[in-house]
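Peer 1: need the 3D shape of this:
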Amino acid sequence: MPTEILMPALSPTMEEGTLAKWLVKEGDTVSSGDIIAEIETDKATMEFEAVDEGTIGKILIEEGTSGVPVNTPIAVLLEEGESADDIDSAAPAPAAKGSQPASGDQAKPAEQAAPASDGKSSGPLPEAKAGDGSRIFASPLARRIAADKGLDLSSIKGSGPHGRIVKADVEDAKPGAKPSTAAATEPAKAAAAAPAAPASPSAETIKKIYADRETVEVTLDGMRRTIAARLGEAKQTIPHFYLRRSAKLDALMTFRATLNKQLEARGIKLSVNDFIIKASALALQEVPEANAVWAGDRILQLKPSDVAVAVAIEGGLFTPVLKDAQQKTLSTLSAEMKDLAARAKTRKLAPHEYQGGSFAISNLGMFGIENFDAVINPPHGAILAVGAGIPTPVVEDGEVVIRNVMSMTLSVDHRVIDGALGAQLLERIVAHLENPMGMLA
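Peer 2: All right, here's what the predicted structure looks like:
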């Protein structure tokens, strides 16, 4: 029977997306792995692959439609021997933000549709749920096969994109006992017992306050909503504390100028930020207990130094991750950072390029900001806020001299890193910045 193609979850945090462009049309034949659409998530525009083979029988969501929830049917796939006549025309097209409401019979609720002649529902199978109530991602065909065989999808590991369960995963699987959900329900009970946070004033309440003032209302896009939700949650739930230190950059600036002159023929120009990335990566290796993330009920310590760097783009920001940064040369880090930043500005980063890491850097020094406190991006254990290098009088050997001094603030998650440990990490970062030649050893 016809299979629904669902709006995919292209990242762990994705709840809805924009169907930017269809790359197929009704009547086209597709195979598993074929690119059929471009989907805009809260972070990037990504290609969507078909997970089953068949013919596109009907497109349910027009390209350009925004706010399409994950798991909403966006098209119908026909198997061999099926035709468009097999599609249940009584089922309404799914509604999404930005789409026009259906008229006539299509506007009626699904429960008013006439049942199929064989007495069986031709609509989609109920969405599979894990024992803790979370969504299980599976292709419609895989769900139907699992239902026919009496399989519990929560016990099957998916091999499709982002762990999605596909046809091959369920064909050879055997029915087994459902996993216990007792343990999973305990956190839910605890969460239910927690007091609710005070409600923020509604949009209408805020608008009334400014009713006599000229305003422009800006609709939030997916990225802005995600930033608001994640960083609002971070400030409410992460016990931040802050450590501040300054680094003298004179030796680094001289060393950087020498290196850039030598690298000019290769088209490489190192930035101060490249040195900060390298210094942070080495410091995380020297203070391994601080190279960690908060994982709900435990701490995960990372072996490699995966350093995220905040990149401002129009309407928001990305934090692409430089993986294994401790092993890479300054020129490699510089080239990789430039590539990630350029693709971030066009929203062409893949999820694996901006997810992960244990530590982040946010540098506003190029805007003349002398110092600031950054918000930790969960689940990171810390973020380093970097200010501008300022000519500052300092005392050396009893004499006042002018040095180029850069202020830094380390925001730390106290659940992961204690004060003394955070101080050790920041001390090692400063040591590398003030003795930059050692970063080449």
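Peer 1: got a pLDDT number for residue 246?
Peer 2: Per-residue pLDDT puts residue 246 at 97.
Peer 1: below-threshold pLDDT in the stretch 51-200 of the chain: ranges please.
Peer 2: Residue ranges of the stretch 51-200 of the chain with pLDDT under 70: 86, 88-135, 140-141, 160-162, 174-199.
Peer 1: excluding its backbone neighbours, what's nearest residue 428?
Peer 2: residue 283 (3.7 Å; Cβ to Cβ, 6 or more residues apart in numbering). For the C-beta atoms, the positions are set from N, CA and C on the backbone; glycine is no exception.
Peer 1: work out for me the element that neighbour sits within.
Peer 2: If you go by DSSP states H and E, residue 283 is part of helix 272-286.
Peer 1: helices or strands up against that helix?
Peer 2: In terms of contacts (3 or more Cβ pairs under 8 Å, 6 or more residues apart in numbering; DSSP states H and E), helix 272-286 is packed against helix 250-263, strand 307-309, helix 330-345, strand 359-363, strand 382-396, helix 419-434.
Peer 1: avg pLDDT for the second one?
Peer 2: Averaged over strand 307-309, pLDDT sits at 96.
Peer 1: who touches it?
Peer 2: 273, 277, 280-281, 284, 319-322, 325, 337, 340-341, 354, 356-357, 359-363, 377, 380 (Cβ atoms under 8 Å, 6 or more residues apart in numbering).
Peer 1: and after that strand, which helix or strand comes next?
Peer 2: Following strand 307-309 in sequence, per DSSP H and E, is strand 311-313.
Peer 1: next structured bit after that next one?
Peer 2: Following strand 311-313 toward the C-terminus (DSSP H and E): strand 316-318.
Peer 1: for whichever helix or strand comes after that next one, packing partners?
Peer 2: Sequence order places strand 321-322 as the next helix or strand after strand 316-318, per DSSP H and E. Using 3+ Cβ pairs under 8 Å, 6+ apart, the elements in contact with strand 321-322 are strand 307-309, helix 330-345.
Peer 1: for the last one, packing partners?
Peer 2: Applying 3+ Cβ pairs under 8 Å, 6+ apart, one finds that helix 330-345 makes contact with helix 272-286, strand 307-309, strand 311-313, strand 321-322, helix 351-354.
Peer 1: among these, which is the most enclosed?
Peer 2: Comparing these by mean neighbour count (mean count of other Cβ atoms under 10 Å), strand 307-309 ranks first with a mean of 27.
Peer 1: next one: that strand to chain centre, how far?
Peer 2: Put simply, strand 307-309 sits 13 Å off its chain's centre (Cα atoms, centre = their mean, to the nearest Å).
Peer 1: listing partners with orientation, what would you give for it?
Peer 2: strand 321-322 (antiparallel), strand 359-363 (parallel) (DSSP bridges).
Peer 1: could those be laid out in a markdown table, adding mean pLDDT and distance to residue 396?
Peer 2: Below are the strands paired with strand 307-309 laid out as a markdown table (pLDDT from 0 to 100; distance: least, Cβ to Cβ, whole Å):
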| stretch | mean pLDDT | distance to residue 396 |
| --- | --- | --- |
| strand 321-322 | 96 | 34 |
| strand 359-363 | 97 | 26 |
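Peer 1: nearest to residue 56, out of those strands?
Peer 2: strand 321-322 (35.8 Å; Cβ to Cβ).
Peer 1: what sits up against the closest one?
Peer 2: Under Cβ under 8 Å, 6+ apart, the answer for strand 321-322 is 277, 281, 306-309, 328, 333, 336-337, 340, 353-357.
Peer 1: next one: stretch 236-244
Peer 2: Identification of contacts with stretch 236-244 by Cβ under 8 Å, 6+ apart yields 197, 294, 371, 373, 375-376, 378, 407-415, 419, 422-423, 426.
Peer 1: ok, 10 Å please
Peer 2: 197, 231, 234, 294, 371, 373-385, 407-419, 422-423, 425-427 (Cβ atoms under 10 Å, 6 or more residues apart in numbering).
Peer 1: mind giving me the ChimeraX command for buried ones among these?
Peer 2: Applying 16 or more other Cβ atoms under 10 Å to the contacts of stretch 236-244, the buried members can be selected in ChimeraX as follows:
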select :234,294,371,374,375,376,377,379,380,381,382,383,384,385,407,408,409,410,411,412,413,416,417,422,423,425,426
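Peer 1: before we move on, the earlier item: mind checking which of the helices and strands packed on strand 321-322 is nearest residue 399?
Peer 2: That would be helix 330-345 among the helices and strands packed on strand 321-322, by Cβ to Cβ, at 32.6 Å.
Peer 1: okay, the angle between that closest one and helix 272-286?
Peer 2: Helix 330-345 runs at 110 degrees relative to helix 272-286, counting by axes from the mean of the first three to the mean of the last three Cα atoms, to 10 degrees.
Peer 1: next, the spatially closest residue to residue 323 that is not a sequence neighbour: phi, psi?
Peer 2: Distances taken as Cβ to Cβ, 6+ apart place residue 306 nearest to residue 323, at 4.8 Å, with adjacent residues excluded. Torsion angles at residue 306 (phi, psi; degrees, to the nearest 10) stand at phi -100, psi 110.
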